[in-house]
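J.: Fold the following and give me the result.
(2 chains)
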Amino acid sequence: MAGSASEYIQHHLQNLTYGQLPAGYERADGTVLQDATWTLAQTGAEAGDMGFWAIHVDSMGWAIGLGILFLFLFRMAAKRATSGIPGGLQNFVEVMIEFVDTSVKETFHGKNKVIAPLALTIFCWVFLMNLMDLVPVDFLPQLFHMAGLDYMKVVPTTDVNVTLGMSLSVFALIIYYSLKVKGVGGFMGELTLHPFSSDNLFLKILLIPVNFLLEGVSLIAKPISLALRLFGNLYAGELIFILIALLPLWAQWTLSVPWAIFHILVITLQAFIFMMLTIVYLSMAHEDSH
Amino acid sequence: MNINLTIIGQAIAFFIFVVFCMKYVWPPIMAALQERQKKIADGLAASDRAARDLELAQEKSAQELREAKQQAATLIEQANKRAAQIVEASKDDARKEGEKLIEQAKAEIEQERNQARDALRAEIAAIAIAGAEKILETSVDASKHSEMLDKLAAEL
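T.: Residues are numbered from 1 along each chain as shown, chains lettered A, B, ... in the order given. Coordinates of the predicted model:
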């Protein structure tokens, strides 16, 4: 039972990976590859051996699918947007947009056409991806198993690649706007002349490495913490659902229902935090306070 | 937990979604929201204006009502005066008419009396002549004595 339980958990935490295996590689079923081959990984070990040049088909598929669902819904509302009496969908979309717009305006005071739509995309998309966590853990993987795909992780945000992909994009925007608003000199100054500064020029130069180390760490920490916070929360949540699914069938609901209800809060909160921190980071990038 | 190409795939998808959202989702809905805001503001302003207009109109109508009442009162007064005048005039006319009628009647009576008197006079003259003839047993030549007779008749 212990073996099968850990197998079950590992199986659930393995992405469907598509990548290249090198020539002479011995696959899980014992066959040896003649040439380097692009293929779906049959085991976790194979997926690991594919290295960086592999892609998680399930994460990408669900992420893109959910993103398209979000954009489709909102685009539909946008097309039919009327200043008269709004319909149900438009009402919902307007509430979301007003909510995001208020959040952005409260935090970010500059003029930037990107931040608000960016925040909306992050919130809705991350929320939808998190929402997949509430689908019973075995439901979709079982369906795909019947369709012949052995691995299927349906919650994209439990894949650290997905959250890192987003947070690094945000990081790129932070760097871009920092450079754009403050200029290269201003940005470098911000990195090296604070938080310790001195009127003495010699001391000032002496403090540059210290400051750079501190500011550099805090700058790098932004995307990392952004990605790992979301990933960690969702991964842990998913893991707990998987553990609950190991219980006897009659006992599962006593734990999975409260956890799912609690998780509704978690997934919304995590989506909101990701959006809010993005806005805060970008507004910090715009502020020329030093 | 493999770090792989998925990062880049996700970043690309993210970029595309954000651009799409920025181009095709955000602006139309924001425009609709702002337009509705403007509409509501305009509507509120219009209702304020309408309320003010209503107040003005009410004031004006009250004013006009007052004026109309005043006018009506003056008209009635005038009419009353006029009626009194007419009544007075017609009374006058009637009185005059009556007087005229009385005058005429009097004149007629006078005339008839005169006629009767004349006739009587003539007859009396004849009677007197006849009486005198009887007395004198001769005929009186009327033409000869006409002067005397006329004098007599005039005395009657």
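J.: how much space between the residue of chain B at minimum distance from chain A and A:I55?
T.: Closest residue of chain B to chain A, CB to the nearest CB: B:Q10 (2.8 Å). For the C-beta atoms, the positions are set from N, CA and C on the backbone; glycine is no exception. Using CB to CB, to the nearest Å, B:Q10 is found at 10 Å from A:I55.
J.: Please apply the same query to A:G30.
T.: When A:G30 is compared with A:I55 (using CB to CB), they lie 26 Å apart.
J.: Looking at those two, which has the bigger crowd around it?
T.: Using other CB atoms under 10 Å in any protein chain shown as the criterion, A:G30 and A:I55 rank with A:I55 on top: 22 against 6.
J.: How about the more buried one, nearest residue that isn't a chain neighbour?
T.: Closest residue to A:I55 apart from its sequence neighbours, by CB to CB, 6 or more residues apart in numbering or on different chains: B:L5 at 4.5 Å.
J.: could you say which helix or strand contains whatever residue of chain A ends up closest to chain B?
T.: Proximity of chain A to chain B (CB to the nearest CB) peaks at A:G165, 2.8 Å away. Element membership of A:G165 [criterion: DSSP states H and E] is helix A:160-192.
J.: tell me the mean pLDDT over that helix?
T.: Helix A:160-192 carries an average pLDDT of 91.
J.: packing partners for the helix of greatest length in chain B?
T.: Determined from DSSP state H, the single longest helix within chain B is helix B:26-136. Secondary-structure packing of helix B:26-136 (3 or more CB pairs under 8 Å, 6 or more residues apart in numbering or on different chains; DSSP states H and E): helix A:57-79, helix A:88-107, helix A:115-131, helix B:142-155.
J.: Measure how the third one sits relative to helix A:88-107, angle-wise.
T.: In terms of direction (axes from the mean of the first three to the mean of the last three CA atoms, to 10 degrees), helix A:115-131 departs from helix A:88-107 by 120 degrees.
J.: What residues sit buried inside the next helix or strand after helix A:115-131?
T.: Later in the chain than helix A:115-131, the nearest helix or strand by DSSP H and E is helix A:139-146. By neighbour count on 16 or more other CB atoms under 10 Å in any protein chain shown, the buried set for helix A:139-146 is A:140-141.
J.: can you state the direction angle for helix A:139-146 and helix A:57-79?
T.: Using the same axes, to 10 degrees: helix A:139-146 against helix A:57-79 is 120 degrees.
J.: ok, the helix or strand of chain A with the lowest mean pLDDT near chain B or not?
T.: The weakest-scoring helix or strand in chain A, judged by mean pLDDT, DSSP states H and E, is helix A:2-12 (a mean of 80). No - residues of helix A:2-12 contacting chain B under CB under 8 Å from any CB of the partner chain: none, with a closest distance of 11.5 Å.
J.: Stretch A:269-288 too?
T.: No - judged by CB under 8 Å from any CB, stretch A:269-288 stays clear of chain B, getting no closer than 10.7 Å.
J.: average pLDDT across that stretch?
T.: Predicted confidence along stretch A:269-288 averages 92 (mean pLDDT).
J.: contacting residues around it?
T.: With CB atoms under 8 Å, 6 or more residues apart in numbering or on different chains as the test, stretch A:269-288 has contacts from A:100, A:103-104, A:107-110, A:112, A:115, A:118-119, A:122-124, A:126-127, A:130, A:157, A:166, A:170, A:173-175, A:177-178, A:181-182, A:186, A:222, A:226, A:229-230, A:233-234.
J.: Repeat that for stretch A:163-174.
T.: Contact with stretch A:163-174 is made by A:114, A:118, A:122, A:126, A:157, A:219, A:222-224, A:226-228, A:230-231, A:274, A:278, A:281-282, A:284-285, B:3, B:6-11, B:13-15, as judged by CB under 8 Å, 6+ apart.
J.: neighbours around the residue of chain A closest to chain B, how many?
T.: Using other CB under 10 Å, A:G165 has 26 other residues around it.
J.: Chain neighbours aside, what residue packs nearest to it?
T.: Nearest to A:G165 is B:Q10, by CB to CB, 6+ apart, at 2.8 Å.
J.: isn't that neighbour right next to A:T157, touching?
T.: No - with contacts defined as CB atoms under 8 Å, B:Q10 does not count as touching A:T157, sitting 10.2 Å away.
J.: So which of those two has more stuff around it?
T.: For B:Q10 versus A:T157, the count of surrounding residues by other CB under 10 Å is larger for A:T157: 32 against 28.
J.: Any stretches of the chain with poor pLDDT?
T.: You didn't say which chain, so I picked chain A. For chain A, the stretches with pLDDT under 70 are A:1-3, A:288-290.
J.: That was the other one, I meant chain B.
T.: Counting by pLDDT under 70, the ranges of chain B that qualify are B:1, B:138-142, B:156.
J.: what sits against A:P136?
T.: A:P136 sits next to A:241, A:245, A:256 when contact means CB under 8 Å, 6+ apart.
J.: Please check the residues you listed and keep the buried ones.
T.: A:241, A:245, A:256.
J.: how near is the first one to A:G30?
T.: Looking back up the chat, that one is A:F241. Distance, A:F241 to A:G30, using CB to CB: 34 Å.
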